[in-house]
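Participant: give me the fold of what follows.
(2 chains)
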Amino acid sequence: MKFGHVFKETLRNEGFPSDWVNSAISYSQLKKCINRLASELAQVGLDPATLGTLLKQVEDYNASTQKDDDDRDRPFEYILSGDDSPSLPKEQRKPFHPKLLFYVDEKTGEVHSAKLAEDTRSKLQMLAVATGVSQLRVFEEPDNHSMGSEESTETRSPPNELNTVNGIRKRPGFRTVEIPLTSDTEFFATLTNQLSGLEALQEKEEKRMHAQIEELGKQVAHLTDPERRNNKKLVPVWRQIFQIYVESSIFFGTTERDHEAHDADKAGERFLEFSDKIAKEGLVDKFKKAENVNALNAFMHINREILQGLRFGEINHVAMLKILKKFDKQTALGVKSTVPTYIVFPEFSSHLAKAVCASVSSQIITHVPLLDDYSCPMCMELKWRPVRLRCGHVFCIRCLIVMQTNKQHRCPLCRELTVVDANAGNLDLELAEFLKRWFPDEVKAKQKYNELMAGVDQYGEVYKEKCSVM
Amino acid sequence: MSLSKRIIKETQRLAEDAVPGISAVPHDDNLRYFDVTIDGPSQSPYEGGVFKAELFLPDDYPMTPPKIRFLTRIYHPNIDRLGRICLDVLKSNWSPALQIRTILLSIQALLGAPNPDDPLANDVAQAWKQDEQAAIQTAREWTEKHAKP
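Facilitator: From the prediction side, this is the model:
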C-alpha cells in the first residue's frame, strides 16, 4: 500500500481529534508540489536521471578528494537556503530560498567538471548557452558592496580568490548559472509552515494536559489524604496502583538495558501490561466509591492521551521523511540528508511526552508516597524508626544499632565517622510522624520486628522461640 | 535463618534489571549462594572471556561483605590461583549500603584496571611490573584458554 494512503487511513482511524488531523502534514499537497517541480526541471532538460548522474558524480568527486579542498570543482550545487545557517536560533532563520546552481567556464562555455558524461555535458552547455535567451537567468553573484546587476555576465571577483556570498561560491573564470524554479520554494514553504503548525498544536495540547493533570492531582490529594478517616483503606490501593505504574515504566525505560524513551508501540504495550496488572490484582474493585473509580479513569485517560500524542507525532515524522524521500526520488536533488539540519521536527516523544510524564509524577504520584522512597538502604525495609546521622543520611534504628554493636563507625553512604556518635538525639521525629501517617501497617510490622530483635540482643536467640510459643 | 527483605529485593532486581555483562543467579536450594558470570571488559586482555565466580552472602550480610571467588582461572595481579580477589570494598572498605550488583561492577572494573602495586598473586604482580606487555599477552592467552564460553 502506498504511504499516502496509509497515512490518510491512520489519521482517520486512530481517533485523533479533528484539529489534530487538520494540522497533520498534508502529504498529498506536498506530493503535487513535487510533481510540479519535476516538470519544471524536465522543461529545462534536467530529468531525474540526468540530475541523478550529475549529483552522483559530485558525490564521487567529493569522496575522491580531500575535504579541505573546499569542493571548488563541484560542477553542481543545490543550496537549500543561501542566507541560512543551522546554527542560528530558530526565530532568526529566514525561510527557505533553495537555489540550483551550476558553473560554466567563461571562455569555453563548458560546464565545469571534466568528469561529465558526453550527453550530460552537451545538455548543460545548451542550457548555459540559452541563459541569455530565455528560461535560464544568469545569476551574477553580488559582490560585497552592492547587489550587482543581474544581467551582467562579467565576473568581478579577482582570480584565485574564493569568496562566499550568501552561501554561493564565486569561482574565478566561471559563471554561476541559477536554474529558475518556483515549486521547490513552494514545497519548503508549505512544509515549514506545517511544521510550525504542528509545534503550535503541541504547545496548546501541552497546556491543556497540564491543566488536566493539575486538576487530577488535587483530586488524588483529596482522596488519599490520610487525615480523612474514609481514606484509610484506600491509600494502600492507590499506592499499589502507582507502584505498578512506576514499575511498568510506560513511556521511558528505567533499567540498565532499557533507559530510553519508548516509541508509541512499546509504550502502548507497556500501558496494556499496566492495566492488565491492575485488573489482575482486583484493585478497581477495592475502590468502593465512585469518586475513586472516576479519578482512576481520569488517570488512565491522561495516559491514553499521551500515547495518542506520541503516535500522532510519530506518523507525522514518518510523513515528513517520506515526502523528502519522494522529493529526492523525483528530482534527485538529495535533500533528505540536508533538510533535517535546517528544520527541527517538533518531537512529540522527547518533548511533550516527557513534560507531561514529569508532571504526572510530580503532581499526581507524589501525593501517595511510595515505600521504595522511604526504605532503609541497608535492610531495604521501611526506615522505622528513622535516625538521621550528622552527615544527613537516614537509616532505620535497627541497622544502626547492629552497626554500633559491630563497631562499624562510618556512614554506609558517605563513610563519614557519624555512626559512632549517633544517639537518641538523632531520631528524626518529623519523618517518624510522616511515616506513621502514610505507612501505618509497615510501621507496625517493623516496630514488632525491632522489638523482637532488641529482645534477641538482650537474651539471645532463644528469645525468638519463646515469642513464637507465646 | 529466613531470607531478609534485602536479599529478596536484591535478587529480584538482579533478575529484572540486569547489568550488561554481569549475571548472578541464586541456587534453588540455597538462596544465599549465587552463580556469577562477569564478561571481561572491552579493551582489556580479558575481552571476549566470560569468567565464572561463586558468591555467598553470610548470615550477617549486609553488615559483612559477600564472599566471592573466581572459578575460572585468570591471570591478574590482584587475583590469586584460588580465585580469591584483593579488592578493598570486599574487605576493609565494605559498606552495608553496597550491594551484589555494585560489588560485581567493582570486580569488572578491577579486570579493566589491574593494580600490581597491591598484589595478591605475587608472581603475577612481579611479571606485570617487569614486563607489562608480556604479562598482558599472558593474560590474553589465559583468557583464550580458560575463559572462552
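Participant: give me the residue from the stretch 201-350 of chain A nearest chain B.
Facilitator: residue A:255 (4.0 Å; Cβ to the nearest Cβ). Every residue, glycine included, has its C-beta placed from N, CA and C.
Participant: count the residues that sit near that residue.
Facilitator: 12 (other Cβ atoms under 10 Å in any protein chain shown).
Participant: assumed it was part of a strand.
Facilitator: No: remark: residue A:255 does not belong to a strand; assigned using DSSP: H, G, I helix; E, B strand; the rest coil, it is coil.
Participant: how about the contacts made by the spatially most central residue of chain B?
Facilitator: Note on chain B: the residue nearest the mean C-alpha position is residue B:107, at 4.3 Å, using Cα atoms, centre = their mean. Going by Cβ atoms under 8 Å, 6 or more residues apart in numbering or on different chains, residue B:107 touches B:38, B:53, B:68, B:85, B:87.
Participant: okay, and it sits in which element?
Facilitator: Secondary-structure assignment from DSSP states H and E places residue B:107 in helix B:100-112.
Participant: tell me the mean pLDDT for that helix?
Facilitator: The pLDDT scores in helix B:100-112 average 95.
Participant: could you check how many residues crowd around the nearest residue to residue A:49 once chain neighbours are set aside?
Facilitator: Leaving aside its chain neighbours, residue A:49 sits nearest to residue A:332 (7.8 Å; criterion: Cβ to Cβ, 6 or more residues apart in numbering or on different chains). By other Cβ under 10 Å, 22 other residues sit near residue A:332.
Participant: follow-up on the earlier one: mind checking how far the residue nearest to the centre of chain B is from residue A:352?
Facilitator: To residue A:352, residue B:107 is 42 Å away according to Cβ to Cβ, to the nearest Å.
Participant: need the strands for chain B, in chain order.
Facilitator: B:22-26, B:33-39, B:50-56, B:67-70 (DSSP state E).
Participant: so what does the second one touch, helix or strand wise?
Facilitator: The criterion is 3 or more Cβ pairs under 8 Å, 6 or more residues apart in numbering or on different chains; DSSP states H and E, and the helices and strands that strand B:33-39 contacts are strand B:22-26, strand B:50-56, helix B:100-112.
Participant: how does it look with 6 Å?
Facilitator: Where contact means 3 or more Cβ pairs under 6 Å, 6 or more residues apart in numbering or on different chains; DSSP states H and E, strand B:33-39 is packed against strand B:22-26, strand B:50-56.
Participant: closest one to chain A among these?
Facilitator: The nearest among the helices and strands packed on strand B:33-39, by Cβ to the nearest Cβ, is strand B:22-26 at 9.4 Å.
Participant: outside of the closest one, which residues touch it?
Facilitator: Residues outside strand B:22-26 that contact it (Cβ atoms under 6 Å, 6 or more residues apart in numbering or on different chains): B:11, B:14, B:34, B:35, B:36, B:37, B:38, B:100, B:104.
Participant: farthest pair in those?
Facilitator: Farthest apart among the contacts of strand B:22-26 by Cβ to Cβ are B:11 and B:38. That separation is 17.5 Å.
Participant: comparing the two, which residue is more hemmed in?
Facilitator: More crowded of residue B:11 and residue B:38, by other Cβ under 10 Å: residue B:38, with 26 against 19.
Participant: I'd like to know how far the more buried one sits from residue B:101.
Facilitator: For residue B:38 relative to residue B:101 (Cβ to Cβ), the value is 12 Å.
Participant: and residue A:333, by the same measure?
Facilitator: Counting by Cβ to Cβ, the gap from residue A:333 to residue B:101 is 52 Å.
Participant: okay, these two: which has more neighbours?
Facilitator: Shown here are residue A:333 and residue B:101; by other Cβ under 10 Å, residue A:333 has more neighbours (23 against 17).
Participant: now the more buried one: which helix or strand?
Facilitator: Applying DSSP H and E, one finds residue A:333 in no helix or strand.
Participant: that one against residue A:77, yeah?
Facilitator: No: under the criterion of Cβ atoms under 6 Å, residue A:333 makes no contact with residue A:77, lying 10.2 Å away.
Participant: mind listing the shared neighbours of those two?
Facilitator: Joint contacts of residue A:333 and residue A:77 (Cβ under 6 Å, 6+ apart) do not exist.
Participant: then the helix ranked longest in chain B to PDB, C-alphas only?
Facilitator: Criterion DSSP state H: the longest helix present in chain B is helix B:132-146. C-alpha atoms of helix B:132-146 as PDB (Å, rounded to 0.1, in the frame of the first residue of the first chain):
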ATOM      1  CA  GLU B 132      53.800  -5.300  31.300                       C
ATOM      2  CA  GLN B 133      53.400  -6.100  27.600                       C
ATOM      3  CA  ALA B 134      54.400  -9.700  28.100                       C
ATOM      4  CA  ALA B 135      52.100 -10.000  31.100                       C
ATOM      5  CA  ILE B 136      49.200  -8.600  29.200                       C
ATOM      6  CA  GLN B 137      50.000 -11.200  26.500                       C
ATOM      7  CA  THR B 138      49.900 -14.000  29.000                       C
ATOM      8  CA  ALA B 139      46.600 -12.700  30.400                       C
ATOM      9  CA  ARG B 140      45.200 -12.800  26.900                       C
ATOM     10  CA  GLU B 141      46.400 -16.300  26.300                       C
ATOM     11  CA  TRP B 142      44.800 -17.400  29.600                       C
ATOM     12  CA  THR B 143      41.600 -15.800  28.700                       C
ATOM     13  CA  GLU B 144      41.700 -17.700  25.400                       C
ATOM     14  CA  LYS B 145      42.500 -20.900  27.100                       C
ATOM     15  CA  HIS B 146      40.200 -20.900  30.200                       C
END
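Participant: all set, thanks.
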